[in-house]
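Visitor: structure for the following, please:
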Amino acid sequence: MAIKSAYELALERMGKSGRSTAKLTEDQKKQIAELDRVYKAKIAETELRLKPKLQQADFAGNAEEADKLRAQLAKELQDLREQLEAKKEKVRKNA
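Guide: Numbering: from 1, shown residues only. So this is what the prediction gives:
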């Protein structure tokens, strides 16, 4: 399963809905910007928590632990990105 970018997810969403890009209200734009800000912070927090552990495992030559941490980091980041996109879509639908 390949990780999709936000751009790819947006293209899929537009294709599935069969609609063109809708105009967002100023309130919706503000809500989406706030979601972006909050999730950018959550992503940074996750990276700050796990990347040092990953670097330690790599430096110590513990490949098994490093692989586990890489997988955990990738999963947590993907989960956060999916949550963000779901919340953005909810804002977009509440026109």
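
Visitor: when you work out contacts or count neighbours from here on, use the C-alpha atoms and nothing else.
Guide: Will do.

Visitor: could you report the neighbour count for residue 12?
Guide: Residues lying near residue 12 (other Cα atoms under 10 Å) number 12.

Visitor: helices and strands around the longest helix belonging to the chain, which ones?
Guide: Using DSSP state H to define each element, the chain has its longest helix at helix 26-60. Helices and strands touching helix 26-60, by 3 or more Cα pairs under 8 Å, 6 or more residues apart in numbering; DSSP states H and E, are helix 63-93.

Visitor: and the residue nearest the centre of the chain?
Guide: residue 81 (1.6 Å; Cα atoms, centre = their mean).

Visitor: contacting residues for that one?
Guide: By Cα atoms under 8 Å, 6 or more residues apart in numbering, residue 81 lies in contact with 6, 39.

Visitor: ok, now how distant is it from residue 25?
Guide: Using Cα to Cα, to the nearest Å, we find residue 81 at a distance of 23 Å from residue 25.

Visitor: by contact count, what packs against the helix or strand of the chain with the lowest mean pLDDT?
Guide: Of all helical and strand segments in the chain, the minimum by mean pLDDT, DSSP states H and E falls on helix 6-17, at a mean of 74. With contacts taken as 3+ Cα pairs under 8 Å, 6+ apart, helix 6-17 sits against no other helix or strand.

Visitor: chain center to it: distance?
Guide: Distance of helix 6-17 from its chain centroid, counting by Cα atoms, centre = their mean, to the nearest Å, is 15 Å.

Visitor: now that helix - C-alpha only, CSV.
Guide: Output in CSV follows, covering the C-alpha atoms of helix 6-17 (Å, rounded to 0.1, in the frame of the first residue of the first chain):
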residue,chain,number,x,y,z
ALA,A,6,-2.6,15.2,0.0
TYR,A,7,-2.6,16.3,-3.6
GLU,A,8,-3.4,12.7,-4.8
LEU,A,9,-6.1,12.3,-2.1
ALA,A,10,-7.7,15.6,-3.3
LEU,A,11,-7.7,14.5,-6.9
GLU,A,12,-9.3,11.2,-6.0
ARG,A,13,-11.9,13.0,-3.9
MET,A,14,-12.8,15.4,-6.7
GLY,A,15,-13.0,12.5,-9.2
LYS,A,16,-15.3,10.4,-7.0
SER,A,17,-17.6,13.2,-6.2
